[in-house]
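**Student:** Dropping a prediction and its sequence here:
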Amino acid sequence: MGSIEQQVECREKAEYANVNWDELGFALTKTDYMYVMNFSGDEDDFSQGILTRFGNIELCPSSGILNYGQGLFEGLKAYRKEDEGILLFRPVENALRMRMGADRMCMPSPTIEQFIDAVKKTVLANKRWVPPHGRGALYIRPLLMGTSPNLGVKPASEYTFLIYASPVGNYHKGDMNLFVEDKVYRAAPGGTGGVKSVTNYSPIYKALTQAKAKGFSDVLFLDALTGKNIEEGSAFNIFILKGNVISTPTAYGTILPGITRKSVIEIALTLGYQVEERTVPIEEVFDAEEVFCSGTAMVIKSVASITYQGKRIEYKVGTETVAQKLYATLTRIQTGLIEDKMGWTIEID
Ligand SMILES: *Cc1c(COP(=O)(O)O)cnc(C)c1O
């Protein structure tokens, strides 16, 4: 028994959890602890957060999150270095994005310092679940949600910030074959597509499920205004390559501004590619030499094919691609194999 701190210390001694690291996909493996911090309308800051055993939480049936979807999530990873040290990848960006999202969803949000501190504590408490170097990552999932009773349509008066974590491996095993959805739209101008609101995801399940039933890996959405330009996937950003130019749709409000997307752009520039953030008409996809996706879960992945209105085009995948070159650089920074000149990683211990 003993305090949570003593238990954490004790857990740390058991170096690795009993996990078959090579079998990990992108699914929940329950870990030891989660972090919880509450906000009540009576005070103007979050309470002191606590680490508690991972488990179910209690919610009022009338809570804002359950009734009206007042909630946000984040996603980031902790990687183990060769020397067993642990690196967080750009957590400040996640903290900032949660703050932007909270503003859009009328929620109070943790400060950058509170967010980073909570992430660090969550990772350290679950250290034995951080996969060995090169065999996956600890995926960290912060949530922010309205938890007070909320019968009327209005912002909640109490909120919970919670972080849990799970070791993960590959997001998509095998080739990535995308279906361009031309009936269901993910995000409208003025909507919430640009923030990680929980309300953005289940509305696309129908399109995703239908595409998967037809053998596709995922869906690529078009802009809701014209239906002519590509925007992004269910949880990833998209890039097309032609010659020395890498193009990606501008993240101006309907597209989630991915941190991997931002990192890809910065790495591509340092590797000498020209990068354009602009409107990308669907026709250009048929003219591209390579297409690839980015997101925390999948990192960077080549797209093997895109199908739009019955027309299918295939792309180069594998070790000789630009996507692979970007992936190699990014993952080496994330796992501490090359010097992080960008200042993206934070070592914790
Ligand atoms: C989270 C997410 C991404 C990727 O963002 P990262 O910060 O790179 O993980 C892209 N699109 C959508 C819709 C997302 O939810």
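**Tutor:** Good, I have the coordinates. Numbering: from 1, shown residues only.

**Student:** May I have the residues that are in contact with P155?
**Tutor:** 64, 70, 106-107, 146 (C-beta atoms under 8 Å, 6 or more residues apart in numbering). (Glycine included, C-beta is placed from N, CA and C.)

**Student:** Same question for V153.
**Tutor:** Shown in contact with V153 (C-beta under 8 Å, 6+ apart): Y68.

**Student:** how about the contacts of P155 in a markdown table, adding neighbour count?
**Tutor:** Below are these laid out as a markdown table (neighbours: other C-beta atoms under 10 Å):
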| residue | neighbour count |
| --- | --- |
| G64 | 27 |
| Q70 | 25 |
| C106 | 12 |
| M107 | 22 |
| G146 | 25 |
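
**Student:** Between all of these, which two are separated the most?
**Tutor:** The span of the contacts of P155, defined through C-beta to C-beta, is set by G64 and C106 at 9.8 Å.

**Student:** Now do the shared contacts for these two.
**Tutor:** Jointly contacting G64 and C106 under the rule C-beta under 8 Å, 6+ apart are 70, 155.

**Student:** circling back: next, format the contacts of P155 as a markdown table and append pLDDT, secondary structure and distance to the ligand.
**Tutor:** Shown next, in a markdown table, are the contacts of P155 (pLDDT from 0 to 100; DSSP: H, G, I helix; E, B strand; the rest coil; distance: C-beta to the nearest ligand atom, whole Å):
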| residue | pLDDT | secondary structure | distance to the ligand |
| --- | --- | --- | --- |
| G64 | 97 | helix | 21 |
| Q70 | 98 | coil | 17 |
| C106 | 97 | coil | 20 |
| M107 | 97 | coil | 17 |
| G146 | 98 | strand | 20 |
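
**Student:** contacting residues for the residue nearest the centre of the chain?
**Tutor:** Nearest to the mean C-alpha position of the chain, by C-alpha atoms, centre = their mean, lies G75 at 3.9 Å. Residues near G75 by C-beta under 8 Å, 6+ apart: 94, 139-141, 196, 296-297.

**Student:** Of those residues, which ones also sit close to the ligand?
**Tutor:** Among the contacts of G75, the residues within reach of the ligand (C-beta under 6 Å from any ligand atom) are 196, 296.

**Student:** D45 versus I112, what's the distance?
**Tutor:** Look at I112 and D45: by C-beta to C-beta, to the nearest Å, they are 14 Å apart.

**Student:** Tell me which of those two has more neighbours.
**Tutor:** I112 (15 against 12; other C-beta atoms under 10 Å).

**Student:** was I right about that one contacting A95?
**Tutor:** Yes - with contact defined as C-beta atoms under 8 Å, I112 and A95 form a contacting pair (4.4 Å).

**Student:** What residues does the stretch 201-349 of the chain have near the ligand?
**Tutor:** Contact residues (C-beta under 6 Å from any ligand atom) of the stretch 201-349 of the chain with the ligand: 232, 235-237, 256, 258-261, 294-296.

**Student:** Report the separation between S247 and V322.
**Tutor:** To V322, S247 is 12 Å away according to C-beta to C-beta.

**Student:** what does D83 give?
**Tutor:** Counting by C-beta to C-beta, the gap from D83 to V322 is 30 Å.

**Student:** Isn't P189 up against E231?
**Tutor:** No - at 11.2 Å, P189 and E231 do not qualify as touching, with contact defined as C-beta under 8 Å.

**Student:** For E276, grab phi and psi.
**Tutor:** phi -120, psi 120 (degrees, to the nearest 10).

**Student:** For it, give me its contacts.
**Tutor:** E276 neighbours (C-beta under 8 Å, 6+ apart): 245-248.

**Student:** Could you list the low-pLDDT ranges of the stretch 151-300 of the chain?
**Tutor:** When residues are selected by pLDDT under 70, none of them lie in the stretch 151-300 of the chain.

**Student:** Would you state the strands of it in chain order?
**Tutor:** 158-168, 177-181, 218-222, 230-233, 237-242, 245-249, 274-278, 290-295, 299-302 (DSSP state E, counting those that start in this stretch).

**Student:** Quick one, grab the pLDDT at the residue in the stretch 1-150 of the chain positioned nearest to the ligand.
**Tutor:** Across the stretch 1-150 of the chain, no residue is closer to the ligand than G75, which sits at 5.4 Å (C-beta to the nearest ligand atom). On pLDDT, G75 comes in at 98.

**Student:** Ok, E43 next?
**Tutor:** For E43, pLDDT reads 77.

**Student:** So for D83 and V322, which residue has more residues nearby?
**Tutor:** Using other C-beta under 10 Å, the more surrounded residue of D83 and V322 is V322, with 20 against 7.

**Student:** in terms of contact, does A78 touch L88 like I think?
**Tutor:** Yes - at 5.4 Å, A78 and L88 qualify as touching, with contact defined as C-beta under 8 Å.

**Student:** who's more crowded, these two?
**Tutor:** Between A78 and L88, counting by other C-beta under 10 Å, A78 is the more crowded of the two (29 against 23).
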